[in-house]
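Colleague: here is my input; please provide its structure:
(chains A and B)
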Amino acid sequence: MRVWRLPADIDTDQLAPGGTMKFGLDVTARHCLEGVRPEFAREVRRGDAIVAGAHFGIGSSREQAAAVLVQLGVAVVIAPSFGGLYFRNAFNVGLLLLTCPQADRIADGDAIRFDARAGTITRVNANGSDADVLACDPIPGFLLDMVDAGGLLPQLKVRLKQRLEKSS
Amino acid sequence: MRSTLAQKLVAQAAGRDHVEPGEIVTCRVDLAMFHDSSGPRRLQPMLAELGAPIWDKRKVVLVIDHYVPEADDESRRIVRIARDWAAEQRLPHVYDSQGICHVVLPQRGHVRPGMFCVGGDSHSPTGGAFGAYMFGIGATEMLGVVVTGEIWLQVPHTIFMDWRGRLADGVSAKDMMLAMIGRHGMNGGEYQAVEFCGAAVTALSMQERMTLANMSAELGAQVGLIAPDETTRVWLAEHGAPDVEVERWQGDDGAAGVRHSFDASALAPQVALPHSPANVRAVTELETTRIDVAYIGACTGAKLDDLRAAARVLAGARIAPGVQLLIAPASVQDAADAEREGVLGQLMAAGATLLPSACGACAGYGSAIADGATVISSTARNFKGRMGSATAQVYLGSPYTVAASALRGVISDAREVLA
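Modeller: Now for the predicted structure:
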């Protein structure tokens, strides 16, 4: 997967500009990160990764700031730290975040692959061989399950169905 | 086992005697608050998709504050969804165009010490000023709360922000907060529980305490707590929440936590420069900075006490030529009180323009801020583009600082005006 490198302190207003919020997620997605990488929304491809500096997603509770990245096909966001509210929102809308203290070693355009349950990111050389492996902070299993399910909403559907079946 | 206030609040909600930092628990929610932007327009379609009812309507509060007054067709559509859904659901607690949720919620007696609350907005930690565990969540997570009445939580450790001494006249809670964010950064709270304590915190009025708790969001904390006391009890009794428990909701002496110390007596007014609340300097260290707009607004900076502070600076004076002073009181109640006290009259006589009691320009929902304008604002955030213009230069300061800057046309130290 291709890496989009971003600086530290990317806030929710840069991911989901306030003025676009009333028009819905499609419009917000077109303006995602326009202040830092104007070409991002146009050129990002399904399965790409974002690697950012510290404090990714600080600011507002608006989960559109995570949902736009799902909409644009971003597979994972890797950073040394995340805004706490953003961290919860991301998993709730099905966006995987990996907290990696060594994220700064990954450069723009690098090829990487990752294993969320093992907590590893592997940088891949141009010839396809592995360059190195970076460790990530462990993520509670129930959050990884949530991302696998596509977020909290699909999980709630299953839970409510089970509750109905039990009571009937 | 000794517990901090945060641990006690979480333990109560989790139905446990004691919880340890780091463990993951499921908490019962006492109150879920959301607004027209994060609430019905997002919740309604997801609830319909689930076919599930609201778990307990008495525990839900809807505040319509973001897209009012409706400026265009999209805003009208969003507000109509909120109003129609509230009527259809027969929600018992709806505040429409009454002011900003974080200020309206306690003013209408919904927040009490010991409660566990979630809000569909990042400034929800404001409830921590009353000794409630309250934090912000996104719309999908709110959906989970609204259908189950529960939410997961990793028990936080506690960071004590200990303020000794006494604030000088013209220095306020906003300056304390900017100083803390300047020192520790926007992730200084590490999404843990911050507890504000010490003589300078205890001396603050209830609404000043709300300013501290409110900007816990910018400090990166999950919650910002202040242990309830007589100030809390009296204020809540006056606002529809009599007979609250105060003694029970105190941290134990010697409970584990990180402690940072600050001296209120030595604190000068603080200003956050564009484009981050952490880009903080003392007003005395600032170069001469001309302003076009002085904005007193938002849940952070336009409560009654904030309006009083501004009026003390501006009473009997006129703002500088060419400067626009915009005032959007945080709630209809605060605006009415300010009018009755003569505070609003003094501000208007000084040349202020009164805006509706809503979120407005703070979040770029209004169109009050022109491109290229230099703004000094009593709000919480100055991210690039936050107030609606990517070319505006937004500085953050206390209501005292905003008023003094409006008076002189340059960012100014209110202590000089008040002396």
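Colleague: could I get the contacting residues of the residue in the stretch 201-350 of chain B positioned nearest to chain A?
Modeller: Relative to chain A, the nearest point of the stretch 201-350 of chain B is B:Q222 (5.6 Å; Cβ to the nearest Cβ). Glycine gets a C-beta too; all of them are placed from N, C-alpha and C. By Cβ atoms under 8 Å, 6 or more residues apart in numbering or on different chains, B:Q222 lies in contact with A:84-85, B:125, B:135, B:156, B:189, B:191-193.
Colleague: repeat the analysis, applying 6 Å as the threshold.
Modeller: A:84, B:135, B:156, B:191 (Cβ atoms under 6 Å, 6 or more residues apart in numbering or on different chains).
Colleague: PyMOL command for the buried members of these?
Modeller: PyMOL command restricting the contacts of B:Q222 to the buried ones, with burial defined by 16 or more other Cβ atoms under 10 Å in any protein chain shown:
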select buried, (chain A and resi 84) or (chain B and resi 135+156+191)
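Colleague: give me the nearest residue to whichever residue of chain A sits closest to chain B, chain neighbours excluded.
Modeller: Taking Cβ to the nearest Cβ as the measure, chain A has A:G84 as its residue closest to chain B, at 2.6 Å. Nearest residue to A:G84 in three dimensions, chain neighbours excluded: B:Y191, at 2.6 Å (Cβ to Cβ, 6 or more residues apart in numbering or on different chains).
Colleague: can you confirm whether stretch B:110-126 lies near chain A?
Modeller: Yes: judged by Cβ under 6 Å from any Cβ of the partner chain, stretch B:110-126 and chain A are in contact via B:121-122.
Colleague: could you say which helix or strand holds the residue of chain B found nearest chain A?
Modeller: Closest approach between chain B and chain A, counting by Cβ to the nearest Cβ: B:Y191, at 2.6 Å. Per DSSP states H and E, B:Y191 falls between elements, in no helix or strand.
Colleague: pLDDT score for it?
Modeller: Looking at B:Y191, its pLDDT stands at 95.
Colleague: also B:G397?
Modeller: Looking at B:G397, its pLDDT stands at 98.
Colleague: same thing with A:M1?
Modeller: Looking at A:M1, its pLDDT reads 87.
Colleague: now it: how far from A:F114?
Modeller: Distance, A:M1 to A:F114, by Cβ to Cβ, to the nearest Å: 8 Å.
Colleague: who's more crowded, those two?
Modeller: Between A:M1 and A:F114, A:F114 has the larger neighbour count (other Cβ atoms under 10 Å in any protein chain shown), namely 20 against 16.
Colleague: got the residue ranges for the helices in the stretch 1-150 of chain B?
Modeller: B:5-14, B:40-50, B:73-89, B:101-107, B:139-148 (DSSP state H, counting those that start in this stretch).
Colleague: and of these, who's closest to B:G254?
Modeller: Across the helices of the stretch 1-150 of chain B, the minimum distance to B:G254, taken as Cβ to Cβ, is reached by helix B:5-14, at 13.0 Å.
Colleague: do that closest one and chain A come into contact?
Modeller: No: with Cβ under 6 Å from any Cβ as the threshold, helix B:5-14 lies outside contact range of chain A, at a closest distance of 13.9 Å.
Colleague: mind checking the SS state of B:W152?
Modeller: Classification of B:W152 by DSSP: H, G, I helix; E, B strand; the rest coil places it in strand.
Colleague: which residue packs closest to A:A126, ignoring adjacent ones?
Modeller: Using Cβ to Cβ, 6+ apart and skipping residues adjacent in sequence, the residue nearest A:A126 is A:A111, 7.9 Å away.
Colleague: dump the residue contacts of B:N187.
Modeller: Counting by Cβ under 6 Å, 6+ apart, B:N187 touches A:55, B:220.
Colleague: my bad, B:T126
Modeller: B:T126 makes contact with B:102, B:210, B:213-214, according to Cβ under 6 Å, 6+ apart.
Colleague: could these go into JSON lines alongside secondary structure and neighbour count?
Modeller: Output for those, formatted as JSON lines (DSSP: H, G, I helix; E, B strand; the rest coil; neighbours: other Cβ atoms under 10 Å in any protein chain shown):
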{"residue": "B:H102", "secondary structure": "helix", "neighbour count": "32"}
{"residue": "B:M210", "secondary structure": "helix", "neighbour count": "31"}
{"residue": "B:A213", "secondary structure": "helix", "neighbour count": "29"}
{"residue": "B:N214", "secondary structure": "helix", "neighbour count": "29"}
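Colleague: which parts of chain A sit against chain B?
Modeller: Within chain A, the residues that sit near chain B (Cβ under 6 Å from any Cβ) are A:11, A:13, A:17-19, A:22, A:35, A:55, A:58, A:60-61, A:63, A:84-85, A:89, A:92-93, A:152-153, A:156, A:160.
Colleague: near chain A, which residues of the stretch 251-400 of chain B are found?
Modeller: B:363-364, B:383-386, B:388.
Colleague: most neighbours, which of the residues you listed?
Modeller: Greatest neighbour count in those, by other Cβ under 10 Å, goes to B:R386: 29 neighbours.
Colleague: could you measure from it over to B:A11?
Modeller: With Cβ to Cβ as the criterion, B:R386 and B:A11 are 37 Å apart.
Colleague: with B:Y365 instead?
Modeller: The gap separating B:Y365 from B:A11 is 38 Å, by Cβ to Cβ.
Colleague: same question for B:A328.
Modeller: To B:A11, B:A328 is 39 Å away according to Cβ to Cβ.
Colleague: looking at those two, which is more packed in?
Modeller: Comparing B:A328 with B:A11 by other Cβ under 10 Å, the one with more neighbours is B:A328, at 27 against 18.
Colleague: A:T122 in helix, strand or coil?
Modeller: Assigned by three-state DSSP, the conformation of A:T122 is strand.
Colleague: pLDDT weak spots in the stretch 251-400 of chain B?
Modeller: B:366-367 (pLDDT under 70).
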